[in-house]
Structure formats: C-alpha cells, structure tokens
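In: quick one: sequence plus predicted model below, questions after.
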Protein chains: 2
Amino acid sequence: MINYPIKKTANPVNKSVSAANRGMNFESMINQTNEFYLDNDIAVIYKKPIPIQIVGVDYKRRSAAKITEAYYKLPSTTDYNGIYKGRYIDFEAKETKSTTSFPIKNIHEHQVEHLRRVKEHGAISFIIVYFSRLERIYLLDSDYVTEYYNRAKTGRKSIALEEFEEHAHFIKEGYRKPVDYLSIVDQYYLNEKS
Amino acid sequence: MINYPIKKTANPVNKSVSAANRGMNFESMINQTNEFYLDNDIAVIYKKPIPIQIVGVDYKRRSAAKITEAYYKLPSTTDYNGIYKGRYIDFEAKETKSTTSFPIKNIHEHQVEHLRRVKEHGAISFIIVYFSRLERIYLLDSDYVTEYYNRAKTGRKSIALEEFEEHAHFIKEGYRKPVDYLSIVDQYYLNEKS
C-alpha cells in the first residue's frame, strides 16, 4: 500500500448513509444484493461489464496482455439483467444527490428504448433510483420511465420526488440485501408475498 | 489507412466458408443474427462487453477519458443473453478449427456453472459451437455441456463431433440470419414451428 496516490474523495464522511450501508456506494449496494441472491440461489442477476472500445494492446507479456489505449463507449443496453423465477429481469440503477427530483438526462435514450423493448417481449424492466441524501430508494417501472422520458422532450426535464412517491415502489433497506428489489418484484409483478 | 502494421492473418482465403458468410468471423455472424432479431422485433439478445479491469485513466481530455492501463478479466458469465418470447436466453458461442471434436478447455468452469444455474431458474441455456473447417454449427443444451464438462475431469477432454451429431442441434446457415439459433429454440425448446 506504499506510494499509492492519495484518493481525494474516497469514503467521505456521509451522515445520511445508514449504519448498515455506511461507506458503500450505490453500485456496491446493488452488487452485494445480487451476490446475496446468487449465493442463496434466489436469482441470477449480474451487472454487465462497462463497454469500452479497445484501441491498443501490448502483448509483450504473454500471461497478461495489457490494454494501453481504450475509451468508454455509450452503453446500448442497461447495466443489469438476469433471471428470477423464470422471468427475465432488466434494469438500470441510478443515484442522485437531488432531494427533490431525478434528472432525466441521467438515463440515455438507448436505455429507455431497451427497457421498453424487453418489456414488450415479456421482461420485468424498471429503473432503481437512489436519492442518496434522502436515503430513499425507489423502483420505477419502465412504462413510467418511457412516459417521463417522452415528457422531457417538450416539458419537465426531471421526475419529481412526488411522482416517485405516487408511481414508484419504495425499497426498504436491509443488512444482507442492501437493496432488496426482488421483494418489490414479488409483490407488484408476481403478486406474491416475499 | 497509411502506415498500419501489416496484419498477417487478416481475412485469409478460406474456401470452406460459404458465399453468404465469407469473411465474417463467428462472433460477427452471431452479432449480425442478433441485429436481425432486434431490427425485426423478434428478440432482444446482446453480447455483453468484454470484462476488463481498469487500472489507469487519463482524464486530461474532458470529452473523452482515455484508459491507459487495463487488463482482461476472466468472464464470470457467458457472452450472450436476452429475451425471446418471454423466455430468458443465455448462451456462449465458440469456434473450433478441429474437424473431429470440441476441446472442453475452450469453456471456463464459471461459464458451465452459470449455464447450469440460469437453467435451474427457468432459462433456455446452451452453447453454440462452430466447426469452421467443416462449416457446421451446433447448438448444445447446457445439460450436455455440464455432463461433458464433468466427464472431462476424469475422462475424455473434448466433445466428439459424433456426440454433437447425436445430442446437439444442427443450425442451418442463412443470409440475413447467419446463425438462426432461435429456429432451434422454437423447435426444440418451445415446440413450435419456426
């Protein structure tokens, strides 16, 4: 651990994060939840790797080719997908520091289109939004995502917190499943008690 | 196109490749098939990005951060997944130059385990193997993949062509859908005429 550059923003003190999930960023919370689902044979849901365009590779070391030049690409799909109780699950997870609304620009058009498409083919698709300063996490169905995305073309550019309260589902936090979104899927998509 | 290093193996003349798919590698053939499915609203199936571990990033140019050091990671899942007729589809695609068998070592243990897991949760999961010199493409269900993978631990380290002929499904080639694997899914998994 010697000579590592100092990380300026690593683990800032954030009093709004609960004891259970202190210091974990949202992606880690989702990933930990997915690991719990996987380890307990509940569901098989993974985060996709970040899409990058590889331009240069150094093959000098045979054991480990080193990528020397690459660029981030705009994702054409969402970050997460997998299977739960025979159903295809697809979602995007986003975090906002706003305490009043979620800016639509945080979601790409491709992703909205993807969520709509998979739903038409029978998927359960949604976004999960973490209002970090409010400590509130909502699951919003892709139908509403499409609706608000289209509204933003001519009208309001964000989804109000009140709209989440009305149309989205609040996800309770947990210790071993920080973001137990499948309990919402059970209750609202599969009509089961979780 | 000036000053590009000479590619030694680019597009070798290969008389065994059909007119329809001449010059296309197997990954491109699968991707083109998936694009056809997507464009015609048949299915939504994507190749996942290659998993890499990013070590260094240069943020000098604000418009496009440049990844300066990264390494390939072993994939924990398969390359392809998506949805078709409400069913979760998951598969790995592999090519071999062998004319007699498919070496098991071409598939990682993680991938075999992943195929088995998703199937248990209700997925349709399989591998697609392209015997490039024979111009034959087979779809082999994940149950057989698991079986042959386990056999390789103490016995034969490959799946014989005869075993593909007996237990796998031959995928006919096509022009617009170079590898029309969903016709096999229709016929053998969904019991429908495609």
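Out: It's in.

In: make it CA atoms for all contacts and neighbour counts henceforth
Out: Noted.

In: and the angle from the lengthiest strand in chain A to strand B:87-96?
Out: The longest strand of chain A (DSSP state E) is strand A:87-96. Orientation check (axes from the mean of the first three to the mean of the last three C-alpha atoms, to 10 degrees): strand A:87-96 against strand B:87-96 gives 90 degrees.

In: got the contact list for strand A:87-96?
Out: Outside strand A:87-96, the residues that touch it by C-alpha atoms under 8 Å, 6 or more residues apart in numbering or on different chains are A:26-27, A:45, A:78-83, A:102, A:106, A:111, A:115, A:118, A:122-132, B:82-83, B:86-88, B:122.

In: check stretch A:140-159 too.
Out: Against stretch A:140-159 from outside (C-alpha under 8 Å, 6+ apart): A:101-105, A:112-113, A:115-116, A:119, A:125-129, A:164, A:167-169.

In: what ranges do the helices span in chain A?
Out: A:26-39, A:109-120, A:142-154, A:161-167, A:181-184 (DSSP state H).

In: give me the buried positions along the third one.
Out: To tie it back to what came earlier, the one meant is helix A:142-154. Residues A:142, A:144-146, A:148-150, A:152 are the ones in helix A:142-154 that count as buried (16 or more other C-alpha atoms under 10 Å in any protein chain shown).

In: same check, this time on the second one
Out: Taking 16+ other C-alpha under 10 Å as the basis for neighbour counts, the residues of helix A:109-120 that come out buried are A:109, A:111-120.

In: chain B next: which of those residues are close?
Out: A:117-118 (C-alpha under 8 Å from any C-alpha of the partner chain).

In: can you tell me how far A:M24 sits from B:Y37?
Out: Distance of A:M24 to B:Y37, given as C-alpha to C-alpha, to the nearest Å: 39 Å.

In: who has more neighbours, the two?
Out: B:Y37 (19 against 15; other C-alpha atoms under 10 Å in any protein chain shown).

In: and A:N34, how close does it get to A:L140?
Out: From A:N34 to A:L140 the distance is 18 Å (C-alpha to C-alpha).

In: in terms of neighbours, single out the busier of these two.
Out: A:N34 (26 against 21).

In: nearest residue to that one other than its sequence neighbours?
Out: A:I45 (6.0 Å; C-alpha to C-alpha, 6 or more residues apart in numbering or on different chains).

In: surely the one you found and A:T33 touch.
Out: No. Applying C-alpha atoms under 8 Å, one finds A:I45 not in contact with A:T33, separated by 9.6 Å.

In: out of the helices of chain A, flag the one nearest A:Y72.
Out: helix A:109-120 (15.6 Å; C-alpha to C-alpha).

In: and for A:E69, the neighbour number?
Out: 19.

In: over to A:F91?
Out: 26.

In: that one pairs with what?
Out: A:Y80, A:F126 (DSSP bridges).

In: check the gap between the residue of chain A most remote from its centre and B:R87 for me.
Out: Farthest-out residue of chain A from its mean C-alpha position, per C-alpha atoms, centre = their mean: A:K60, at 37.0 Å. A:K60 sits at a distance of 44 Å from B:R87 (criterion: C-alpha to C-alpha).

In: give me the number of residues near A:G122?
Out: 17.

In: my read: it touches B:G86, true?
Out: Yes. A:G122 is within contact range of B:G86, at 4.2 Å (criterion: C-alpha under 8 Å).

In: okay, now the unreliable bits of chain A?
Out: For chain A, applying pLDDT under 70 flags the ranges A:1-23, A:62-63, A:193-194.

In: 90 instead?
Out: Applying pLDDT under 90 to chain A flags residues A:1-24, A:50, A:59-65, A:74-76, A:173-176, A:191-194.

In: chain B contacts on that one?
Out: A:43-44, A:48-52, A:64-72, A:82-88, A:117-118, A:121-123.

In: now which of the residues you listed would you call buried?
Out: A:43-44, A:48, A:50-52, A:66-71, A:82-88, A:117-118, A:121-123.

In: could you list which of the residues you listed belong to strands?
Out: Per DSSP E, these map to strands at A:43-44, A:52, A:66-71, A:82-84, A:87-88.

In: let me see the residues that make contact with stretch A:167-181.
Out: Outside stretch A:167-181, the residues that reach it (C-alpha under 8 Å, 6+ apart) are A:20-21, A:29-30, A:32-33, A:36, A:136-141, A:144, A:184.
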